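Undergrad: fold the following and give me the result.
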Amino acid sequence: MSDLDRSFAALADPTRRALIERLAQGEASVQDLARPFSISQPAISRHLKVLEEAGLVQTRIDGTARPRSLNPAAVAELWDWLGRYRALWEAQFQKLDAVLDALPEDDGSAGDAERSQE
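TA: Here you go, the predicted structure:
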């Protein structure tokens, strides 16, 4: 399984996505990360392990503390991959906008004519 596959597999879980959102704000301990969830701290640790194995989260050793943070390189890899598809979608939306702009404007009279025939 590639790093990109592991990253997307890790992000498939809503709890792990919420942990990533929190870590986007800055480094945090497991206790800080577990606080808003109704699951146990060991369960949060298991989610963090999956994120670490995917390379999305890194652990810094600071005495007895083990604060977690996002791994910027792994996040950048995801953005690069998604960015390629974003450009394709934006091009498709621009084509759709051009088609919609070329359509004649509806002045609402078609609906009135249909109603008067009823």
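Undergrad: going forward, measure contacts between C-alpha atoms and count neighbours the same way
TA: OK.
Undergrad: leaving out the residues flanking it, which one is nearest to Gly26?
TA: Distances taken as CA to CA, 6 or more residues apart in numbering put Ser69 closest to Gly26, at 6.5 Å, once the chain neighbours are dropped.
Undergrad: oh, I was asking about Arg16
TA: Here the nearest residue to Arg16 in space, its sequence neighbours aside, is His47; by CA to CA, 6+ apart that works out to 6.1 Å.
Undergrad: swap in Glu77?
TA: Ranked by CA to CA, 6+ apart and with sequence neighbours excluded, the top spatial neighbour of Glu77 is Leu4, at 7.6 Å.
Undergrad: the one you found contacts Trp79, correct?
TA: No - using CA atoms under 8 Å, Leu4 makes no contact with Trp79, being 10.7 Å away.
Undergrad: neighbour count winner among those two?
TA: Between Leu4 and Trp79, counted using other CA atoms under 10 Å, Leu4 has the larger neighbour count: 16 against 12.
Undergrad: ok, that one to Leu51 distance?
TA: Distance, Leu4 to Leu51, using CA to CA, to the nearest Å: 12 Å.
Undergrad: what's the answer for Arg68, then?
TA: Arg68 sits 10 Å away from Leu51, going by CA to CA.
Undergrad: equivalent analysis for Arg17, please.
TA: 9 Å.
Undergrad: what do you get for Ile61?
TA: Ile61 sits 17 Å away from Leu51, going by CA to CA.
Undergrad: which one's more surrounded, those two?
TA: A count of neighbours by other CA under 10 Å puts Leu51 above the other of Ile61 and Leu51, at 25 against 9.
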